[in-house]
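[1] predicted model and sequence below, questions to follow.
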Amino acid sequence: MRFPLILVSPARAENIGAAARAMKTMGFSELRIVQSRAYCEPATRRVAHGAGDVIDNIHHFDSLSAALADIDFSVATTARHRTQFRYYATPPQVEVILQEKRQWLSNLALVFGREDSGLTNDELAQVDLLTGIPMMADYPSLNLGQAVMVYCYQLASLFRAQPVAAPVADPQQISALRQRMDHLLFRLGVQDDKKLSDWVQQRIGLLEQRDSAMLHRLLHDIEKKLTGKDPDS
């Protein structure tokens, strides 16, 4: 299983170094940076302290979409809820979800946003699941290095435990389900119901492998009923 952490436009070299140190401590090794060369500054390696191999192997990308191109399932952290209807998981809930996903998906990723403004709504729309760290209301934020440490600690179990054997599934199954559901909503004439569409798309990303297979079967039967013919023939 590959599990890169992705930092989007980090401004401070110290924060990148702290993130690399947290990753190394908890067993993560792959760091991707989007639209920032701050990791080239000496402060990055100084703060990383022992995580030089993580710094040496940083991959830089020009966009978040490019950084996610080879990822099967992604999770993004955000400090505040957006107006768009989305499901938010706590760090322990993310751990449970990813424990199941890693049985049939080989490339997972965790995305962190900018220190001052986080991720844009367009960037949040590119990931499969949103998560946030519950905090006291009078002190509502952590710095980037602290946030990375919280998630690396929580998700380190993904490297310690052996995955339970599960049927091999197509890594593109989630994407295919989303396309199939979009087509169904269009056939039903409710494609403009943004709240419904967002809810459907987000919940699909939370399905377990067996549930995904069963939903494909159900959609097949619905499409057959609507069209009067087998959609797979």
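    Here it is on my side, so go on. Numbering: from 1, shown residues only.
[2] show residues contacting the least confident helix or strand in the chain by mean pLDDT.
    Within the chain, no helix or strand scores below helix 194-204, which has a mean of 79 by mean pLDDT, DSSP states H and E. Under the contact criterion Cβ atoms under 8 Å, 6 or more residues apart in numbering, helix 194-204 has outside partners 84-87, 128-129, 174, 177-178, 181-182, 185, 190-191, 212, 215. Every C-beta, even on glycine, is put in place using the N, C-alpha and C of the backbone.
[3] so after that helix, what's the next helix or strand?
    The helix or strand immediately downstream of helix 194-204 is helix 209-227, counting by DSSP states H and E.
[4] list the contacts for Asn15?
    Asn15 sits next to Glu115, Asn143, Leu144, Gly145 when contact means Cβ under 8 Å, 6+ apart.
[5] closest to Pro42 out of those?
    Pro42 lies nearest to Gly145 out of the contacts of Asn15, by Cβ to Cβ, at 17.0 Å.
[6] and the helix or strand containing that closest one, what does it pack onto?
    Element membership of Gly145 [criterion: DSSP H and E] is helix 144-155. Contacts defined by 3 or more Cβ pairs under 8 Å, 6 or more residues apart in numbering; DSSP states H and E place helix 144-155 against strand 5-8, helix 13-26, helix 91-101, strand 108-112.
[7] then the very next helix or strand once past that helix to PDB, C-alphas only?
    Downstream of helix 144-155, the next assigned helix or strand under DSSP H and E is helix 157-160. Extracted in PDB, the C-alpha atoms of helix 157-160 (Å, rounded to 0.1, in the frame of the first residue of the first chain):
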ATOM      1  CA  SER A 157      -2.100   1.500  12.600                       C
ATOM      2  CA  LEU A 158      -2.500   1.100   8.800                       C
ATOM      3  CA  PHE A 159       1.100   0.100   8.700                       C
ATOM      4  CA  ARG A 160       1.200  -2.100  11.800                       C
END
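[8] which of the contacts of helix 194-204 count as buried?
    The neighbour-count test (16 or more other Cβ atoms under 10 Å) marks Arg86, Asp128, Leu129, Ile174, Leu177, Arg178, Met181, Leu185, Ser212, Leu215 as buried among those.
[9] among those residues, show me the least confident.
    Minimum pLDDT across these is recorded for Arg86, with 68.
[10] can you list the domains in this protein?
    With domains defined by automatic domain parsing, the chain comprises 5-160, 173-227.
[11] looking at those domains, which has the lowest confidence?
    Lowest mean pLDDT within the domains of the chain: domain 173-227, a mean of 81.
[12] now do the end-to-end distance for that domain.
    By Cα to Cα, to the nearest Å, the extent of domain 173-227 from end to end equals 23 Å.
[13] could we number from 19 for the rest of this?
    From this message on, residue numbering opens at 19, which makes the last subject domain 191-245.
[14] hang on, the earlier thing: tell me the angle the helix holding Gly163 makes with strand 126-130.
    Put simply, helix 162-173 runs at 150 degrees to strand 126-130, going by axes from the mean of the first three to the mean of the last three Cα atoms, to 10 degrees.
[15] so how far is helix 162-173 off the chain centroid?
    Centroid separation for helix 162-173 versus its chain: 14 Å, with Cα atoms, centre = their mean, to the nearest Å.
[16] would you mark the buried spots in it?
    Within helix 162-173, the residues scored as buried using 16+ other Cβ under 10 Å are Leu162, Gly163, Ala165, Val166, Met167, Tyr169, Cys170, Gln172, Leu173.
[17] checking Asp88 next. Helix, strand or coil?
    coil (DSSP: H, G, I helix; E, B strand; the rest coil).
[18] my read: it touches Leu123, true?
    No. When contacts are counted by Cβ atoms under 8 Å, Asp88 is not listed as touching Leu123 (11.6 Å).
[19] done for today, thanks.
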